[in-house]
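In: how would this look folded up:
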Amino acid sequence: MQMTEAFAATVAAVAPVVVLVGVVEMDQRRRIVHESARANGEPFFAVFEDLPARPTPEQIAITRARLEALPLPHGPVGPARGNILVRAYAMGVAWAVVVFALCGAEFLALIWLARPEGKPEAGHAVFCLTSLTVGMFWVVLLPLARLLWAPIQPMLHAEREIKRLEELEEHVDRQAP
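Out: Sure, this is the predicted structure:
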């Protein structure tokens, strides 16, 4: 197999279409992962909804008791939901790998087509090549970042709430006689 103008032009025309499909798929996987992570955290975060900014020692104790009464992990995570979450995350990452490979193919095809051998306006070709490549990588990186961030965001929220509760408990302990 060798690179021909027809082949390079085909790659340059088809790769962006598949890249767009991959980006849409990655974003769908991000939504699945995010919604699953959010749903898993709902029982945990519900514990903190009634805790005011300046709680009484009794309110802090009630919050701690409600938190400790939750089943682990916090929320309804059965084998089916766990498998969906893992598959969605894995498929999103797999799409990211495919999309990056397609971006590489697009880049190589455009370099080949942009070679100055008998083609005028090399500067324009380089500009178009650079613009298209940077644009494609940007379109891919944003959904990938959202996919990777989706399960982390609820965990960071949970960590902040636990820290807040611990600080309130320490404050109450210092106030106690």
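In: Closest to the centroid, which residue in the protein?
Out: Centroid-nearest residue in the chain: Leu147, 1.6 Å away (criterion: CA atoms, centre = their mean).
In: As a check, name the ranges of all helices in this structure.
Out: Along the chain, counting by DSSP state H, helices occupy 5-49, 57-69, 79-114, 122-149, 152-175.
In: Cross-check the contact I'm expecting between the residue nearest to the centre of the chain and Arg30.
Out: Yes: look at Leu147 against Arg30 with CB atoms under 8 Å: they come within range, at 4.1 Å. (Each C-beta comes from the backbone N, C-alpha and C, glycine too.)
In: Now for these two: what residues contact both?
Out: The overlap between the contact sets of Leu147 and Arg30 (CB atoms under 8 Å, 6 or more residues apart in numbering) consists of Gly92.
In: How about Ala9, nearest residue that isn't a chain neighbour?
Out: Nearest residue to Ala9 in three dimensions, chain neighbours excluded: Leu113, at 6.5 Å (CB to CB, 6 or more residues apart in numbering).
In: For the closest residue to His34 other than its chain neighbours, the count of nearby residues, please.
Out: With sequence-adjacent residues excluded and distances taken as CB to CB, 6+ apart, His34 is closest to Ala150, at 3.8 Å. Using other CB atoms under 10 Å, Ala150 has 23 neighbouring residues.
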